[in-house]
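**Student:** I would like the atomic coordinates for the input below:
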Amino acid sequence: MQSILLIILIIISILNSPFIISLYNKMAKSKDKTTELDSNRNLFERKYYKDISTDKVVKLLEEWLSYLFDIKAIENINLKKFNNLMSKTVLYCSTTTIELLSEFQQFNYKGINENEPRLKHSNEFLFLLSLLISSIKYDFTNEYINPIKLIKIKIKDIKTIENDLNKYEKKYKKYINKMVK
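**Tutor:** Numbering: from 1, shown residues only. Next comes the predicted model:
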């Protein structure tokens, strides 16, 4: 019994030694610095997106919105202009937005590659386009707009496609979750 008490006292004295206490404090400070660095990196990224000149951001959003609100813009798409728009999106936008752009383009390529007639303004196309626009807006304003709300601006009888939109909202939920925290 005395040997157990002696061992406990030795362990307590070791744990209370200045060396162990300073080692623990150094580890705690190191963890705090890592957390601070991660936080600073996130702040830097947010600041970067907000500091890009406002006129460039407005123009980028206007160009994407033109494809949502003007069917003729889709029908008369200029590939060089569209490629430039995608380049600016990659240059200025977040990883999430670039991932969405990739999904959007894969959707478009899939329709072309499978030779199945897809309307350029199909429900999923509209949803992906609206989600992409929502993500761009989020990058620069930190405000999330539900893509269905954007589609409601465009579509008069939203009830006819509501089930499809809800299905796409679930399908692309991982991107929405990155904006809605």
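
**Student:** from here on, contacts and neighbour counts on C-alpha atoms
**Tutor:** Will do.

**Student:** return the set of buried residues in the helix or strand hosting residue 87.
**Tutor:** Assigned by DSSP states H and E, residue 87 belongs to helix 79-92. By neighbour count with 16 or more other Cα atoms under 10 Å, helix 79-92 contains the buried residues 85-86, 89, 92.

**Student:** likewise for stretch 170-181?
**Tutor:** Buried residues in stretch 170-181 (16+ other Cα under 10 Å): 175-176, 179.

**Student:** put together JSON lines for those, with secondary structure and distance to residue 67 on each row.
**Tutor:** Shown next, in JSON lines, are the buried residues of stretch 170-181 (DSSP: H, G, I helix; E, B strand; the rest coil; distance: Cα to Cα, whole Å):
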{"residue": "175", "secondary structure": "helix", "distance to residue 67": "21"}
{"residue": "176", "secondary structure": "helix", "distance to residue 67": "21"}
{"residue": "179", "secondary structure": "helix", "distance to residue 67": "22"}
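
**Student:** what sits up against stretch 97-104?
**Tutor:** 86, 89-90, 125, 128-129, 131-132, 135-136, 139, 175 (Cα atoms under 8 Å, 6 or more residues apart in numbering).

**Student:** greatest separation within those: which pair is it?
**Tutor:** Spanning the widest gap among the contacts of stretch 97-104 are 125 and 139, at 21.1 Å by Cα to Cα.

**Student:** so which of those two has more stuff around it?
**Tutor:** Legend: neighbour count by other Cα atoms under 10 Å for residue 125 and residue 139, higher for residue 139 (24 against 19).

**Student:** quick one, domains of the chain?
**Tutor:** 2-47, 53-179 (automatic domain parsing).

**Student:** where among those is the average confidence lowest?
**Tutor:** When those are ranked by mean pLDDT, domain 2-47 comes last with a mean of 64.

**Student:** in the helix or strand harbouring residue 56, what's buried?
**Tutor:** Element membership for residue 56 (DSSP H and E) is helix 54-69. Under the neighbour-count criterion of 16+ other Cα under 10 Å, helix 54-69 has 57, 60-61, 63-65, 67-69 buried.

**Student:** need those in JSON lines (columns: distance to residue 168).
**Tutor:** Formatted as JSON lines, the buried residues of helix 54-69 follow (distance: Cα to Cα, whole Å):
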{"residue": "57", "distance to residue 168": "27"}
{"residue": "60", "distance to residue 168": "24"}
{"residue": "61", "distance to residue 168": "22"}
{"residue": "63", "distance to residue 168": "23"}
{"residue": "64", "distance to residue 168": "19"}
{"residue": "65", "distance to residue 168": "19"}
{"residue": "67", "distance to residue 168": "19"}
{"residue": "68", "distance to residue 168": "17"}
{"residue": "69", "distance to residue 168": "19"}
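
**Student:** for residue 77, state which of the residues you listed is nearest.
**Tutor:** Closest approach between those and residue 77, by Cα to Cα: residue 67, at 8.9 Å.
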